[in-house]
Every structure is written in structure tokens, then in C-alpha cells.
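> Pasted the sequence and its predicted model underneath.
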Amino acid sequence: MSQIYLGIIGGGQLGSMLSAAAKKINIKTIVYCDDINAPAQNFCDEFIFGKYDDKKKILEFANKVNLITYEFENIPYETLNEINKEKPVLPKPSINKLIQHRLSEKDFINKLNIRTTKYSSVKKKSELESLVDFIPGILKTTTLGYDGKGQYPIKRIEDIQSLKIDFSKEYILEKLVKLKKEISVIVTRFGSNNYVVYEPIENVHEDQILKYSKIPAEISKDIFNQSKDWAINISEELKYIGTLCVEFFIDRNENLYVNEIAPRVHNSGHLTINAYNISQFENHIRAVCSLEKIPLKKLSNAKMINLIGDQIEPYRKKIKFNDNEFFFDYLKKEVKNKRKMGHITTLYK
Ligand code: ADP
Ligand code: MG
């Protein structure tokens with residue numbers, strides 16, 4: 001088979017791990033990113049620095065590769081659509097457009113008769129006063145949020161007055177779910193009714209940022225099956241190609257809700273690198289490059305801890321790790337508060 005060149009838009013830790021997985025199966029990667037210090041340049045075969053609206057540069061990039069995928073969902077739709085005219089972009093830009101907007105995403109999920117939290121669109125501050133049924137809730141920007149950015153908790157009606165946010169943007173108000181637990185399910189879909197699905201992963205957040213993930217999740221058999229079924233159903237309905245992650249809430253009455261869909265590989269799936277025969281990253285690459293699907297095999301239970309900000313420091317100094325510990329340094333130039341700097345996965349029986 002002739003050499004495949006895969007283009008990846010975005011050069012953060014996900015782009016790095018995609019590049020590393022591609023190398024393993026002899027696929028060459030070219031990463032395009034708007035950050036000159038993007039860590040993925042340490043892992044890919046070629047790195048191109050350019051802005052996401054630099055049409056000329058991005059088309060030069062497209063001309064160098066056979067197909068293109070992306071590591072994060074906030075790439076302008078116009079950009080993906082332009083590139084798609086030159087080379088196949090997977091997952092399809094239309095899927096990304098649907099999911100990058102929290103309202104259209106939730107409308108889509110509800111149309112499948114899958115439960116989400118109650119939500120309402122908010123275009124003006126005055127509209128908030130009438131949405132008492134959604135309070136306590138969280139006001140979120142409809143686009144461009146991640147790691148809890150662009151989110152404003154509203155505990156009681158009185159909080160609305162003191163809100164200092166920019167209403168030139170559109171928001172969504174989501175009713176707060178009384179959380180018992182959060183889980184995620186990762187699916188890689190290769191084609192119609194042709195997919196692999198990882199077992200549900202239990203996730204714990206601190207300050208709306210993922211702190212750790214583990215398998216097995218401590219959940220009932222019903223939730224285990226329902227979450228997998230819903231994730232598969234979502235990927236089939238989207239006619240998705242590649243790896244996708246569905247984030248779920250479980251409330252104190254054991255109700256399952258879809259929180260959001262990530263049309264990409266996901267932080268909670270980092271443990272798949274060590275705990276499965278094929279990681280979420282390799283499977284993504286296999287699916288978008290139309291390679292063979294290999295049956296998925298779990299090798300071990302696992303816990304992955306995100307190293308945020310200066311939590312990375314002691315691990316960087318550590319010389320020896322146990323045989324069941326796997327430390328990943330994303331090689332980001334600068335240590336920043338709340339920035340995901342690396343992770344450590346521990347395998348256990
Ligand atoms: P992001 O795009 O930043 O991941 P999420 O919508 O997933 O945004 O929110 C981040 C975290 O904030 C969630 O994983 C959860 O812990 C908490 N959260 C968000 N929305 C709700 C909600 N409606 N009810 C309860 N907790 C929520
Ligand atoms: Mg989330």
C-alpha cells in the first residue's frame with residue numbers, strides 16, 4: 001500500500017497522541033496549528049504554523065496530505081468546509097457544525113429520544129428572569145467553551161442581577177443536574193453498524209476540569225448498557241467516522257443524561273493507550289484512513305490522573321516509575337494554572 005499522509009488540525013496533547021499513534025502504524029502526519037509552540041510538533045512528521053482563517057496556507061497544507069482530521073471541535077466551520085472541497089475531512093464538517101453549538105447539539109440528542117438536562121436558549125439578560133424552572137442552573141456560551149470556560153453558575157434568581165457577561169453572544173441555560181457520578185463512553189465507528197466501543201469510564205471533575213478517569217466505572221448494569229447503547233446510537237445517527245466520546249451525567253435517582261458529545265478523541269480516553277490492545281487514538285486513525293478494524297480487547301483496569309499546572313513538576317523530576325505506571329508529559333512550553341500539562345495512567349487488577 002502506498003504511504004498515507006494524514007493531516008491533523010490542532011497541535012495540542014490530542015494532536016500529539018494522534019501523531020504518536022499514527023507513527024506506530026506507519027502513517028505520516030502533518031499537523032497544522034495556530035500556536036507556534038504547539039506540542040504536537042514533537043510527535044508529528046511535519047508541522048505547519050498558520051492561522052485557521054489563513055485560506056492560502058491551509059490549502060497548501062491540504063495539498064500535502066491524503067485526508068484531514070482534527071483534534072478539537074472549535075475550528076471554524078468555513079475552514080473545514082473549504083478544506084473538504086480539496087481533500088476528505090473526517091469526521092464530516094457538518095457533524096462538527098452540529099455539535100460545536102450547544103443548542104443544536106442538545107436538540108439533536110433529544111430528537112433521538114435520548115435524555116439531556118433541561119435547557120433553554122438565552123439571547124438577552126431579561127429572558128433569564130422568566131426561566132425560573134431552569135434555576136439552579138449553569139449559563140454557558142453556545143460555542144467555544146471547554147474545560148468549564150464560558151460557564152456561569154446561577155444558584156438563585158437573585159444571581160442574575162449581578163451577572164457581568166457579554167450578551168452580544170448567545171447562551172444556553174442548563175438546569176443543574178444533582179450529580180451522583182459522571183461517565184463517558186468512547187466509540188470508534190468505521191461504517192454502518194461497524195464500530196468498536198470501549199466500556200464506560202468514570203470521570204471526576206474539579207473546578208469543571210477533568211481530574212481523573214478510571215475503569216471499571218462503578219455503575220449499575222443498566223447504566224452500563226444504556227450509556228453504551230446511546231453512544232452507539234448517536235454515532236450511527238451522525239453516520240460518524242472516527243472516534244467520538246459521549247459525556248454522561250448520572251443523577252441521584254439513577255437517571256442517565258447525555259451531557260455533551262465530543263466529535264473527537266477525548267481526555268477521559270487517555271487510559272485506553274495502556275488499558276486496551278488498541279487506543280482511542282489508533283482506532284480513530286484506523287477508521288478515518290479506512291484501515292482494518294481489529295477486535296477490541298481490554299487488557300487491564302486503569303486509572304488516569306490529569307496533571308494540571310505545576311502538578312507536573314514532581315513527575316518530571318521522578319527518575320523511575322513502577323511497571324504499571326505510565327507518565328505522559330505533553331511537553332508544553334509553559335506551565336500555566338489550569339493547563340493540562342500531562343497525565344499518569346496506572347494499571348491495576
Ligand atoms: P466543557 O465543554 O467545558 O467540558 P461541560 O458542559 O461538559 O463543558 O461542563 C463541564 C463540567 O461542569 C461537567 O463535566 C460537569 O461536571 C459540570 N456541569 C456542566 N453542566 C452541568 C449541569 N447541567 N449539571 C451539573 N453539572 C454540570
Ligand atoms: Mg465536557
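Now that the structure is in, tell me what you want to look at. Ligands and ions are numbered 1, 2, ... in the order given.
> Pull up the residues of the stretch 51-200 of the chain that are close to ligand 1.
By C-beta under 6 Å from any ligand atom, the residues of the stretch 51-200 of the chain that approach ligand 1 are 117, 138, 145-148, 174, 176-177, 179, 182. The way it works is simple: take the backbone N, C-alpha and C, and place the C-beta from them, glycine included.
> Between those, which sits nearest residue 164?
Within those, proximity to residue 164 (C-beta to C-beta) peaks at residue 138, which comes in at 16.0 Å.
> any idea which helix or strand comes after the helix or strand hosting that closest one?
Here residue 138, judged by DSSP states H and E, is contained in strand 137-141. Next along the chain after strand 137-141, taking DSSP H and E as the criterion, comes strand 151-154.
> would you put the C-alpha positions of that following strand in CSV?
Extracted in CSV, the C-alpha atoms of strand 151-154 (Å, rounded to 0.1, in the frame of the first residue of the first chain):
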residue,chain,number,x,y,z
GLN,A,151,-19.7,28.9,32.1
TYR,A,152,-21.6,30.9,34.8
PRO,A,153,-23.4,29.1,37.6
ILE,A,154,-26.7,30.6,38.6
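> now for that strand, which elements pack on it?
strand 137-141 (3 or more C-beta pairs under 8 Å, 6 or more residues apart in numbering; DSSP states H and E).
> average pLDDT across the strand it packs on?
Taken as a whole, strand 137-141 carries a mean pLDDT of 94.
> what do you get for stretch 38-56?
Rounded mean pLDDT across stretch 38-56 is 96.
> Domain parsing of this protein, as residue ranges.
Using automatic domain parsing, the domain parsing of the chain gives 5-89, 118-175, 179-348.
> Pull the distance from the longest one to the chain's centre.
How far domain 179-348 lies from its chain's middle: 9 Å, per C-alpha atoms, centre = their mean, to the nearest Å.
> So what's the model's average confidence on that domain?
On average, domain 179-348 scores 97.
> Which parts of this structure are helices?
Assigned by DSSP state H, the chain shows helices spanning 13-24, 55-64, 77-86, 93-99, 102-111, 125-128, 221-237, 272-275, 280-288, 313-317.
> Quick one: those as a markdown table, columns for mean neighbour count too.
Conversion of the helices of the chain to a markdown table gives the following (neighbours: other C-beta atoms under 10 Å):
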| stretch | mean neighbour count |
| --- | --- |
| helix 13-24 | 24 |
| helix 55-64 | 16 |
| helix 77-86 | 16 |
| helix 93-99 | 20 |
| helix 102-111 | 17 |
| helix 125-128 | 15 |
| helix 221-237 | 17 |
| helix 272-275 | 24 |
| helix 280-288 | 26 |
| helix 313-317 | 12 |
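> Now tabulate these in a markdown table and tack on distance to residue 134.
Formatted as a markdown table, the helices of the chain follow (distance: least, C-beta to C-beta, whole Å):
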| stretch | distance to residue 134 |
| --- | --- |
| helix 13-24 | 32 |
| helix 55-64 | 39 |
| helix 77-86 | 28 |
| helix 93-99 | 22 |
| helix 102-111 | 13 |
| helix 125-128 | 9 |
| helix 221-237 | 23 |
| helix 272-275 | 35 |
| helix 280-288 | 33 |
| helix 313-317 | 41 |
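> re earlier: any of the residues of the stretch 51-200 of the chain next to ligand 1 buried? List them.
Buried residues within those, counting neighbours by 16 or more other C-beta atoms under 10 Å: 117, 138, 145, 147-148, 174, 176-177, 182.
> nearest to residue 45, of those residues?
residue 147 (28.8 Å).
> What sits closest to the closest one if chain neighbours are left out?
residue 209 (4.9 Å; C-beta to C-beta, 6 or more residues apart in numbering).
> coming back round to it: Serialize the domains of the chain to TSV and add fields for distance to residue 107.
Listed next are these as TSV, based on distance: least, C-beta to C-beta, whole Å:
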stretch	distance to residue 107
domain 5-89	17
domain 118-175	9
domain 179-348	12
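> residue ranges with poor pLDDT in the stretch 1-150 of the chain?
Residues of the stretch 1-150 of the chain that meet the criterion pLDDT under 70 lie in 1.
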